[in-house]
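[1] need a 3D model of the following:
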Amino acid sequence: MLLIQILFVMLSAKLLGAVFNRLGQPQVVGEMVAGFLLGPVILGQLVPAFHQQLFDSNAITQLKVLSELGILLFMFVIGAEFRFPLKQSKTGVKALFIGAFSIVIPFSLGAAIAPWLFEHFAMPGTSRLGFILFIGTVFSVTAFPVLARILKERGMLTTQVGAIALLAAAMSDVVAWMLIAAVAMVNGHDSNWIALVVRGACLVLLVAFTFLILRPLLARWLAAEGRLAQPMVLVLLLAGVLIYGSVTHALQVHAVFGAFLFGLCLPREQRLLDMIIERLEHVSLIILMPCFFTLAGLSTTSSAFTGLGIWVLVVILLVAVFAKVAGSALGARLVGCSWPTSLTVGALMNTRGLMELVVLKIGLDMGIIGAELFTALVIMTIVTTLMTGPLMSLQNRKFSPRGHLVSLEHAVPNGFVAPTDNNGMER
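    Okay, here's the model as predicted:
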């Protein structure tokens, strides 16, 4: 039954992904929607007997194992393909300033409505401080990989607005993972400051060890002639992902943070990244990530649309869109960008995509949010990601881009490379 289940999940994700791709949306958005459609809200209502048989308790347990492995590998690849600017430039400084605004304003507005959400939707035993930090983080996320794909498909990687948005999104994601680590440590321990400090110190030591000791050792070992062709390299990378995931899990920080951290410490070597994409990412994207999307969809509930739930969804959507678009556009305007450029940056930064879904699933797994709030936030994630394409098309019709888009040669900070795949695979 497991093989049939995986086949059904994989084909559903790829079919809907192809449909969304034909409609001008990134394929990953269609796969996210497919996961939601396979959940109890849609498929469970239309054909409940088939849904119950396909996703019984044993099947869900097996699906969870594949999902966790998939998200660990995916976050490892995201960390490995991050490229930071080596030298500051005028565009780089602008992007960092915009990135700060795109985090602070959404985080503040999210934290402002969090006490209201806490009263109605917090799970028993949830830390109030942890809940507020988590909701603020949820509103702050921008999907760096999906944004890169949108920019590539629209030919905007070679423009100033594309370079600024991409670097600002990279900053947003890094800060978001730091905030998630803080949420994980605070949740349930906001009154036990000694334990919190100890775990925080251990996490800092892990980060220091990773970049000061492990990174140079890995760089020297991987630089040996012909090393990347050896099977032992893949074994070492997989072992590192599992070890780091286990360590951060033991520190009560989600395992995906450890996988992301291990990916970050790898040398910025294109041949290494190509090997990782060829041997790990394709399997993760084609088979394992659809399992993650489906597991997220199975965690939703139709009760999110009854009573107060529908109004909560409306409020969440309005605050999420306004905070991200307005915050990013304001930051862009303050650093001297024109209004067309500022609004374009705001529309791009509103893309939440897969990264947001990962954050939400972490919150659900940690018991910070329940199924009803999770469902509302998943819908917000899908809607805000779907909005990016139409908003960009509206901007292109309303404003002529020639006056404010410049070549990449003058726009991108030195050393910054977009996370795109030579084979065109969707991130």
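[2] in this structure, which ranges drop under the pLDDT threshold?
    For the chain, residues meeting the criterion pLDDT under 70 lie at 1, 83-91, 157-158, 188-192, 396-427.
[3] show me the contacts for the residue most central in space within it.
    Nearest residue to the geometric centre of the chain (Cα atoms, centre = their mean): M355, 1.0 Å. With contact set as Cβ atoms under 8 Å, 6 or more residues apart in numbering, M355 has these partners: 141-146, 173, 176. The way it works is simple: take the backbone N, C-alpha and C, and place the C-beta from them, glycine included.
[4] distance of it relative to M156?
    Relative to M156, M355 is positioned 19 Å away (criterion: Cβ to Cβ, to the nearest Å).
[5] same deal with V41?
    According to Cβ to Cβ, V41 stands 34 Å off from M156.
[6] re the thing from before, neighbours around the spatially closest residue to the residue nearest to the centre of the chain that is not a sequence neighbour, how many?
    Spatially, and ignoring its direct neighbours in sequence, M355 is nearest to A143 (4.5 Å; Cβ to Cβ, 6 or more residues apart in numbering). Other residues near A143 come to 30 when the count uses other Cβ atoms under 10 Å.
[7] hmm, N350 and A143 touching each other?
    No: assessed by Cβ atoms under 8 Å, A143 is found out of contact with N350, at 9.7 Å.
[8] sec struct for the residue lying farthest from the centre of the chain, please.
    Among the C-alpha atoms of the chain, the one most distant from their mean position (Cα atoms, centre = their mean) is that of E225, at 34.9 Å. Look at E225: counting by DSSP: H, G, I helix; E, B strand; the rest coil, its state is coil.
[9] next up, phi/psi of it, please.
    With angles defined as degrees, to the nearest 10, E225 shows backbone torsions of phi -60, psi 130.
[10] please apply the same query to Q252.
    Here is the backbone geometry of Q252 (degrees, to the nearest 10): phi 60, psi 30.
[11] leaving out chain neighbours, which residue sits closest to it?
    Nearest residue to Q252 in three dimensions, chain neighbours excluded: A184, at 5.8 Å (Cβ to Cβ, 6+ apart).
[12] sorry, back to before: give me the distance between the residue nearest to the centre of the chain and F374.
    M355 sits 16 Å away from F374, going by Cβ to Cβ.
[13] likewise V9?
    With the distance defined as Cβ to Cβ, V9 ends up 19 Å from F374.
[14] which one's more surrounded, these two?
    It is V9, of V9 and F374, that has more neighbours when counted by other Cβ under 10 Å, with 26 against 21.
[15] which secondary structure element contains that one?
    For V9, the host element (DSSP states H and E) is helix 2-22.
[16] for the stretch 151-300 of the chain, which segments count as helices?
    Remark: helices assigned in the stretch 151-300 of the chain by DSSP state H, counting those that start in this stretch are 160-186, 193-209, 215-222, 231-250, 255-264, 270-276, 282-283, 289-298.
[17] how about these in a markdown table, adding distance to P124 and mean neighbour count?
    Formatted as a markdown table, the entries for the helices of the stretch 151-300 of the chain read as follows, by distance: least, Cβ to Cβ, whole Å; neighbours: other Cβ atoms under 10 Å:
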| stretch | distance to P124 | mean neighbour count |
| --- | --- | --- |
| helix 160-186 | 17 | 24 |
| helix 193-209 | 20 | 14 |
| helix 215-222 | 42 | 14 |
| helix 231-250 | 23 | 16 |
| helix 255-264 | 24 | 26 |
| helix 270-276 | 41 | 17 |
| helix 282-283 | 39 | 14 |
| helix 289-298 | 22 | 26 |
